[in-house]
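Peer 1: Provide a 3D model corresponding to the input given below.
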Amino acid sequence: MTSSPLRPWPVPSLTSSGDYTFDSSLLEQSIGGVLYSKQSTLPNLPVPTLSDTLRLLKSSVKAQCKNEQEWKDVNAKIDAFEQEGGKTLQRRLEKVNLLQIKAHKASSSASHRHHIGITSASHHDTACTTLTHNPHRSLQRALDNPDSSWLQLWWNTLGYLQVRDPVPVNVSYFFQFSDDPTASTGIQRAASLLTSTALFRKSVCSGTLPCETIGKSSTPLCSAAWKYMFNACRIPNTSEDTYKIHDPSLHSHVVVLRNGVYLSFPFVDSNSDPLPCSVMESLLSVCVDVSDNWESEMPNIGVMTANDRDEWAEDRREIIRVKGGKEGLEIIESAAILLCLDESSPVSYECSSNGFWHGGPKSGNRFFDKSIQLLVTENGKAGLLGEHSMMDGMPMVRYADYIAAKSYADVVAQHPLPRDYPNGMMPSTQVTHVFDESTSRALSASKTINDRVARATVAFNKLVGDQDLNVQSFRGYGSSFMKSMKFSPDAYVQMAIQLATYRLFSTCVGTYEASQVRVFKHGRTETTRSCSVPSRMWCEEMGLRRDGKDGDKNERAKRVQMLRSAAKQHVNYLKYAGKGLGVDRHMFGLSMLVDKREDAPSLFSDEAYKRAKTWRVSTSHLTHPKFDNWGWGEVVPDGVGVAYSIHPNRCVFNVTARKDTGYSQRLAHLLEEALVEMRQLLEKEMLGGGEGRSKL
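Peer 2: Reported below is the predicted structural model:
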């Protein structure tokens with residue numbers, strides 16, 4: 001079968017200001033292929049009716065009110081909002097959506113006539129000016145972004161690119177892959193992952209990767225995010241970052257980072273097909289030898305990428321001032337991916353997860369702005385770290401699924417070294433330093449850079465030192481039992497999280513479960529609010545500690561019925577969220593359309609309303625047979641992050657929190673306690689003749 005090279009882009013690189021619409025118009029037609037073939041057919045993100053949103057809002061807010069008077073007050077404000085200020089904001093948002101629907105229909109009918117060359121540079125200049133100077137809260141800002149989701153530009157900028165917090169802990173997420181028994185060393189594991197990455201990268205960058213679909217009707221999902229996966233990097237700027245994506249046909253290299261030494265080599269041939277796996281191994285062995293014996297001093301610039309974004313922007317400017325600094329950064333930023341070869345040999349879930357999450361204190365082996373960092377330890381543990389700004393987790397899951405599913409032995413067998421392989425492609429001639437010796441010396445001689453590295457190191461060590469991560473690997477049961485009890489496994493586990501966090505905080509709190517809305521053009525996520533009136537009633541009935549009342553038949557039946565009601569409420573909300581009809585993105589859009597000359601509705605400043613959207617519990621569900629664990633950091637200082645997987649006979653929870661709260665370890669225990677208690681409750685009810693009799 002003949003292999004073809006990647007088609008060049010119309011531009012060598014694109015600096016994105018967070019606007020999917022402009023980036024898509026410039027690149028998707030040029031890339032082509034089945035990956036983007038459904039984009040013009042995708043519906044726009046809907047604007048829910050105000051009454052439906054406020055009905056859902058009431059249940060969530062009421063569940064977290066401290067007393068009846070607080071509920072009466074906020075309920076009155078919600079009703080007033082529906083009759084007064086909310087109507088005006090709703091009309092504005094509906095106007096935005098109507099214009100975008102019209103633009104979408106017009107672009108769809110003309111898409112076959114579109115040619116990428118007609119997109120003028122002035123269009124890009126105008127978009128950048130709009131992003132930089134127009135008030136974010138104005139209606140015009142949204143109207144300037146037709147043929148797209150009414151939400152995406154606000155979300156990409158305000159939710160990510162303008163956020164000044166450090167990327168690690170606050171933005172990045174990690175996956176930990178299951179062990180590969182056929183790979184005995186880290187180099188072997190890394191070589192197989194790189195080979196599979198090259199194959200997957202070509203399918204993405206050529207557009208030949210089939211468009212994702214969901215459901216029995218194979219509903220297509222938006223493919224806009226795929227452009228930000230390979231040869232991509234977040235770029236720090238004062239006040240608002242950008243995302244730079246490079247033409248993959250021009251950049252065939254990966255960057256390998258070990259001991260703070262940056263090395264580069266091409267990992268694909270002229271057709272963008274992977275080099276033989278044995279050649280990858282040899283190249284990686286050279287990288288290890290060179291980095292372990294590199295004597296030139298080099299400041300730990302990677303730690304700067306963990307800085308406050310404004311600080312890192314200034315750090316980067318200082319690096320660029322050094323001769324060779326700009327060129328070195330461009331090599332890193334344009335690389336297909338960054339591969340981090342760690343010297344550690346972790347064994348436990350906690351040790352592995354901490355390393356994959358942030359690298360640990362004093363780590364110089366990360367460059368947190370890269371869209372993908374593959375992580376491989378000395379003993380062959382592997383995972384990845386994803387930068388979240390322009391791409392959510394599900395496309396990354398598909399990539400990770402592809403590379404984790406193939407063992408080292410499989411990859412070696414499928415990609416052997418040809419007999420006629422050219423000597424000129426042998427490792428000693430291919431590995432090069434990203435920062436050569438003279439640049440390394442110049443960086444080391446800069447007092448400004450050394451001072452900045454020292455400050456960044458202190459800040460990073462404090463950032464990760466303040467964090468605590470615990471893994472609850474629950475072996476009692478999993479989705480098989482939950483299904484036998486006629487529960488949605490996700491809803492069941494969400495109720496276990498509700499009970500555990502109720503006992504942790506002694507009250508019900510705002511709980512976020514991420515739901516994707518990529519069935520819509522440029523859709524990203526919506527919030528499923530797990531804390532509801534039924535879940536609160538069930539948690540309060542179960543109590544802050546086990547009370548033994550489930551021995552009473554009537555009490556047991558009551559608790560089981562309340563659990564089923566709470567789980568049903570959660571499933572219903574998930575369905576709303578998946579259709580783009582949740583509360584939070586709608587209310588966010590309405591708040592963005594309050595003119596700066598207007599008084600904001602009193603609802604927006606109400607304490608109960610704000611409490612209900614303060615995510616003290618941030619959760620997400622991902623189950624994969626080749627993933628051991630995954631996770632991210634808590635989203636508020638007094639909160640927890642809970643990533644979970646539900647396997648047939650076990651569940652895994654990755655729990656993060658600030659160390660000074662003590663929440664992580666306590667919640668890991670409380671989750672186990674809740675799951676055990678729930679099973680015993682259901683089994684007693686089943687044996688007692690109550691609802692939920694197993695069919696097994």
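Peer 1: when you work out contacts or count neighbours from here on, use the C-alpha atoms and nothing else.
Peer 2: OK.
Peer 1: where do the helices sit along the stretch 351-500 of the chain?
Peer 2: All helices of the stretch 351-500 of the chain, identified by DSSP state H, counting those that start in this stretch, fall at 393-405, 408-414, 437-445, 447-465, 479-484, 489-505.
Peer 1: between the third one and helix 447-465, how big is the angle?
Peer 2: With axes from the mean of the first three to the mean of the last three Cα atoms, to 10 degrees defining the directions, helix 437-445 sits at 80 degrees from helix 447-465.
Peer 1: before we move on, back to that, nearest to residue 336, of the helices of the stretch 351-500 of the chain?
Peer 2: Nearest to residue 336 among these is helix 393-405; the distance by Cα to Cα comes to 13.3 Å.
Peer 1: what does that closest one rub up against?
Peer 2: Here helix 393-405 makes contact (Cα atoms under 8 Å, 6 or more residues apart in numbering) with 177, 178, 193, 196, 197, 200, 225, 226, 229, 386, 624, 626.
Peer 1: re earlier: turn the helices of the stretch 351-500 of the chain into a markdown table, including distance to residue 578 and mean neighbour count.
Peer 2: Converted to a markdown table, the helices of the stretch 351-500 of the chain look like this (distance: least, Cα to Cα, whole Å; neighbours: other Cα atoms under 10 Å):
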| stretch | distance to residue 578 | mean neighbour count |
| --- | --- | --- |
| helix 393-405 | 14 | 18 |
| helix 408-414 | 37 | 16 |
| helix 437-445 | 49 | 18 |
| helix 447-465 | 34 | 18 |
| helix 479-484 | 22 | 17 |
| helix 489-505 | 14 | 23 |
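Peer 1: for residue 166, which of those helices is the nearest?
Peer 2: Closest to residue 166 of the helices of the stretch 351-500 of the chain is helix 447-465 (Cα to Cα; 8.8 Å).
Peer 1: the contacts of helix 393-405 in strands, which ones?
Peer 2: In this view, those that belong to strands under DSSP state E are 177, 386.
Peer 1: which pair of the contacts of helix 393-405 spans the longest distance?
Peer 2: The span of these, defined through Cα to Cα, is set by 178 and 225 at 26.0 Å.
Peer 1: if we can go back for a sec, just the buried residues from the contacts of helix 393-405, in ChimeraX please.
Peer 2: Buried residues among these (16 or more other Cα atoms under 10 Å), as a ChimeraX selection:
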select :177,178,193,196,197,200,225,226,229,386,626
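Peer 1: follow-up on the earlier one: which of the helices of the stretch 351-500 of the chain sits closest to residue 602?
Peer 2: Checked against Cα to Cα, the stretch from the helices of the stretch 351-500 of the chain lying closest is helix 489-505, at 28.0 Å.
Peer 1: give me the contacts around that closest one.
Peer 2: Contacts of helix 489-505 (Cα under 8 Å, 6+ apart): 479, 482-483, 507-509, 530-531, 535, 539, 542-545, 563, 566-568, 570-571, 617, 621, 646, 663, 666-667, 670-671, 673-675, 678.
Peer 1: output the contacting helices and strands for the helix or strand that comes right after that helix.
Peer 2: Downstream of helix 489-505, the first helix or strand assigned by DSSP states H and E is strand 511-516. Under the contact definition 3 or more Cα pairs under 8 Å, 6 or more residues apart in numbering; DSSP states H and E, strand 511-516 sits against strand 525-529, helix 553-578, strand 617-621.
Peer 1: for residue 320, find the nearest of these.
Peer 2: strand 525-529 (36.0 Å).
Peer 1: helix or strand right after the closest one?
Peer 2: Downstream of strand 525-529, the next assigned helix or strand under DSSP H and E is helix 533-542.
Peer 1: follow-up on the earlier one: need the helices and strands packed on strand 511-516 in CSV (columns: mean neighbour count).
Peer 2: Formatted as CSV, the helices and strands packed on strand 511-516 follow (neighbours: other Cα atoms under 10 Å):
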stretch, mean neighbour count
strand 525-529, 24
helix 553-578, 19
strand 617-621, 22
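Peer 1: take those and lay them out in JSON lines including distance to residue 95.
Peer 2: Below are those laid out as JSON lines (distance: least, Cα to Cα, whole Å):
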{"stretch": "strand 525-529", "distance to residue 95": "21"}
{"stretch": "helix 553-578", "distance to residue 95": "22"}
{"stretch": "strand 617-621", "distance to residue 95": "32"}
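Peer 1: export the ones you listed as TSV, with columns for mean pLDDT.
Peer 2: Output for the helices and strands packed on strand 511-516, formatted as TSV (pLDDT from 0 to 100):
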stretch	mean pLDDT
strand 525-529	97
helix 553-578	96
strand 617-621	98
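Peer 1: out of those, which comes closest to residue 60?
Peer 2: Among those, the nearest to residue 60 by Cα to Cα is strand 525-529 (6.9 Å).
Peer 1: show me the strands in the stretch 301-450 of the chain, by range?
Peer 2: Here the stretch 301-450 of the chain has its strands, by DSSP state E, counting those that start in this stretch, at 338-341, 372-376, 382-386, 432-433.
Peer 1: can you check the stretch 101-250 of the chain too?
Peer 2: Remark: strands assigned in the stretch 101-250 of the chain by DSSP E, counting those that start in this stretch are 173-177, 213-214, 219-220, 232-235, 242-246.
Peer 1: Provide the strand pairings for the last one, with the direction of each partner.
Peer 2: Strand 242-246 has the following strand partners under DSSP bridges: strand 13-16 (antiparallel), strand 232-235 (antiparallel).
Peer 1: cool, the third one as well?
Peer 2: Sheet partners assigned to strand 219-220 using DSSP bridges are listed as strand 213-214 (antiparallel).
Peer 1: now the strand it pairs with: mean pLDDT?
Peer 2: Per-residue pLDDT values across strand 213-214 average out to 95.
Peer 1: run the chain-centre distance for that strand.
Peer 2: With Cα atoms, centre = their mean, to the nearest Å as the basis, strand 213-214 stands 19 Å off its chain's centre.
Peer 1: swap in stretch 268-288?
Peer 2: Distance, stretch centre to chain centre, for stretch 268-288: 29 Å (Cα atoms, centre = their mean).
Peer 1: and that stretch, C-alpha only, in CSV?
Peer 2: The C-alpha coordinates for stretch 268-288 follow below in CSV (Å, rounded to 0.1, in the frame of the first residue of the first chain):
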residue,chain,number,x,y,z
VAL,A,268,8.5,9.9,11.3
ASP,A,269,9.8,9.6,7.7
SER,A,270,9.1,11.8,4.8
ASN,A,271,5.6,10.4,4.5
SER,A,272,4.9,11.0,8.2
ASP,A,273,4.9,7.3,8.8
PRO,A,274,6.7,6.0,12.0
LEU,A,275,10.3,5.0,12.1
PRO,A,276,10.8,1.3,12.9
CYS,A,277,10.3,0.6,16.6
SER,A,278,13.9,-0.6,17.0
VAL,A,279,15.1,2.6,15.6
MET,A,280,13.0,4.5,18.1
GLU,A,281,14.6,2.5,20.9
SER,A,282,18.0,3.3,19.7
LEU,A,283,17.2,7.0,19.4
LEU,A,284,15.8,7.0,23.0
SER,A,285,18.9,5.2,24.3
VAL,A,286,21.0,7.9,22.8
CYS,A,287,18.8,10.5,24.5
VAL,A,288,19.3,8.8,27.8
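Peer 1: before we move on, back to that, deepest-packed of the strands paired with strand 242-246, please.
Peer 2: With neighbours taken as mean count of other Cα atoms under 10 Å, the strands paired with strand 242-246 reach their highest mean count in strand 232-235, at a mean of 26.
Peer 1: returning to that earlier point: turn the helices of the stretch 351-500 of the chain into CSV, columns for mean pLDDT and distance to residue 315.
Peer 2: Below are these laid out as CSV (pLDDT from 0 to 100; distance: least, Cα to Cα, whole Å):
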stretch, mean pLDDT, distance to residue 315
helix 393-405, 96, 29
helix 408-414, 95, 39
helix 437-445, 94, 12
helix 447-465, 96, 7
helix 479-484, 98, 48
helix 489-505, 98, 40
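Peer 1: closest one to residue 630 among those?
Peer 2: helix 393-405 (10.8 Å).
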